[in-house]
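1. need coordinates for the below:
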Amino acid sequence: MRIAVCPGSFDPVTNGHLDIIARASKMFDKVIVAVLHNSSKNSMFTIEERVEILKNNCADLENVEIDSFSGLLIDFMELKNAQVIIKGLRAVSDFEYEMQMALMNRKLNQNIETVFMMTSSKYSYLSSSIVKEVARLGGCIHGLVPDSVEEELIKRFNIGG
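-> Residues are numbered from 1 along each chain as shown. Down below sits the predicted model:
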């Protein structure tokens, strides 16, 4: 069984993330979406909220599992018997950092490959940080994130109220 892991902070999950997850689910027997718990990062959504949002938005993808981890991704991969890391790329600027991470992961475990997937062009400018900033400033984020995330961001930033 070919198991892939799609890691990220997903704070919040965007439609770009969901696009990569859905496309990866067609390529592998199982895709584990691994939400990174980074205690040194001040996240807007708790790890539990991010996992729940992903579970709700990936429920129709039968071979997708949602989990969380902290520490080295390679350790999580070994725990899950996964062979492939899925990373979405929006632009060339993403590639340099992601290539460094892929090479380090390969050094830590040469049996694990990294597969880069180009995001759909309609999401190439999209990031969680941009979504949060636009929402904070009262801009329209409709269509950039799942409806439940849009509603939660509006509530958290007290927009229109």
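2. for the rest of this, base every contact and every neighbour count on C-alpha atoms.
-> Will do.
3. next up, the contacts around residue 141.
-> 131, 134-135, 150 (Cα atoms under 8 Å, 6 or more residues apart in numbering).
4. likewise residue 61?
-> Going by Cα under 8 Å, 6+ apart, residue 61 touches 22, 25.
5. list the residues that contact residue 63.
-> With contact set as Cα under 8 Å, 6+ apart, residue 63 has these partners: 25, 29-31.
6. buried subset of those?
-> 25, 30-31 (16 or more other Cα atoms under 10 Å).
7. in CSV, list those along with distance to residue 97.
-> Conversion of the buried ones among the contacts of residue 63 to CSV gives the following (distance: Cα to Cα, whole Å):
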residue, distance to residue 97
25, 24
30, 26
31, 23
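8. inside strands: which ones of those residues?
-> Under the assignment DSSP state E, those contribute 30-31 to strands.
9. and the residue lying closest to residue 157 once chain neighbours are set aside, how many neighbours does it have?
-> Here the nearest residue to residue 157 in space, its sequence neighbours aside, is residue 136; by Cα to Cα, 6 or more residues apart in numbering that works out to 5.7 Å. By other Cα atoms under 10 Å, 15 other residues sit near residue 136.
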